[in-house]
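Participant: here is the input, now give the coordinates:
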Amino acid sequence: MQTIWLSGAEWLAVLRIGLGLWWLESWRHKDKKGWFERGTGIARAAEVAGKHRWGVVRTGFRRVVEPRPQAMAYIVVYAELALGLGLVAGFLTPVALVAGLLLNLLYLVLMIHDWAEQGQNAMMALISLVALFAMAWQTWSLDAALGLFP
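Facilitator: Modelled structure (predicted):
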């Protein structure tokens, strides 16, 4: 593989770090007070899920998320932070990539009618998939330094 300026593995590390920064930005711009004290994030998701064209989404949301809105708010917000930190540092990278891929797919399915959300989540999922299969933790990562995922 020929590349310009950096090696292929280094470009994959740049891609992984960029995805991590994207997750960190998603976490940074959230109104945490609104999510944790007023339940705005889960309330918005409940509104979207309640009108969703797929019954499985409505039912799944009612069974899994609605009974525990406070816990789900914390899970979503801090999952984004953990994904961002893990990907930027390259720590437990395969776990972060799979978890991020799943979270993006959940967001993609929930927000099926929102084209802006669709584009962002589809691209983040694609980057996660490429970084996972290309083993983007081999360079510039704590995983490589610690020999966690050879």
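Participant: ranges for the helices of the protein?
Facilitator: 8-28, 32-33, 40-50, 55-60, 69-89, 93-110, 115-133, 142-146 (DSSP state H).
Participant: my read: L132 touches A99, true?
Facilitator: No: using C-beta atoms under 8 Å, L132 is not in contact with A99, being 10.8 Å away. Every residue, glycine included, has its C-beta placed from N, CA and C.
Participant: nearest to Q2, of the helices of the chain?
Facilitator: helix 8-28 (8.6 Å; C-beta to C-beta).
Participant: next one: that closest one to chain centre, how far?
Facilitator: 11 Å (C-alpha atoms, centre = their mean, to the nearest Å).
Participant: mean confidence score for it?
Facilitator: Helix 8-28 comes out with an average pLDDT of 97.
Participant: contact partners of it?
Facilitator: Residues outside helix 8-28 that contact it (C-beta atoms under 8 Å, 6 or more residues apart in numbering): 1, 3, 6, 77, 80-81, 83-90, 93, 96-97, 100, 124, 127-128, 130-131, 134-141.
Participant: mark which of those are buried, thanks.
Facilitator: Buried by 16 or more other C-beta atoms under 10 Å: 77, 80, 83-84, 86-90, 93, 96-97, 100, 124, 127-128, 131, 135-141, out of the contacts of helix 8-28.
Participant: which residues does A125 contact?
Facilitator: By C-beta under 8 Å, 6+ apart, the neighbours of A125 are L101, N104, L105, L108.
Participant: how much space separates the residue most central in space within the chain from A79?
Facilitator: In the chain, the residue lying closest to the centroid (C-alpha atoms, centre = their mean) is G100, at 3.5 Å. Distance of G100 to A79, given as C-beta to C-beta, to the nearest Å: 9 Å.
Participant: ok, R28 next?
Facilitator: 14 Å.
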